[in-house]
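**Student:** let's see this in three dimensions:
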Amino acid sequence: MKREDLAEEIRGAGFMLRYADGPVLWGTAKSTKSPAKQAMRRKLKESDWTVVRRASTCHTCGSRASTSDIQEAEEMACDYQSFARQIWMAIDHDYFCCATPCVPVSQDAQKAFARARKNFVKRTAKKAKKKST
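**Tutor:** Residues are numbered from 1 along each chain as shown. Below is the predicted model of the structure:
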């Protein structure tokens, strides 16, 4: 599976940041926006490699699969679920880590995030056009 396709599928996994042991809602208390909107904007701006690397990290213990393991899992995967199963075995968890593998990605979440991405691209294109003129 291509990294771009995998990253888009991970981005479409709802409005939370996707780790190997499940989604995590991430935001700062200083912002007036909800943590879900903060996480969505962060996911939209990040590179494909950053999104895939985070999906290869255990949020509970902070352990991550090696770069070669991530690339191997990308090549062998046909969708996000198969990637998640393969990468879970590649992560060298801490001894006291009690995390469990992540849940599957829903189709509704993917569609909602695709709409959000489309709107984000439109807004950034308008801003870029204004700056260039």
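**Student:** kindly provide the distance from residue 21 to residue 127.
**Tutor:** Remark: distance between residue 21 and residue 127 (CB to CB, to the nearest Å) = 36 Å. Yep, even glycine has a C-beta here, placed from its N, CA and C like the rest.
**Student:** settle it for me: which of those two has more neighbours?
**Tutor:** Between residue 21 and residue 127, counted using other CB atoms under 10 Å, the more crowded position is residue 21 (22 against 10).
**Student:** check residue 83 and give its pLDDT.
**Tutor:** We have a pLDDT of 87 for residue 83.
**Student:** could you report the neighbour count for the closest residue to it other than its chain neighbours?
**Tutor:** Once flanking residues are discounted, residue 83 sits nearest to residue 77: 3.7 Å by CB to CB, 6 or more residues apart in numbering. The tally of other residues near residue 77 (other CB under 10 Å) stands at 19.
**Student:** tell me which residues touch residue 77, please.
**Tutor:** Residues near residue 77 by CB atoms under 8 Å, 6 or more residues apart in numbering: 1, 6, 83, 86.
**Student:** may I ask which of the residues you listed has the most neighbours?
**Tutor:** residue 83 (23 neighbours).
**Student:** about what we covered before: give me the phi and psi for the residue nearest to residue 83.
**Tutor:** Backbone torsions for residue 77, taken as degrees, to the nearest 10, come to phi -80, psi 150.
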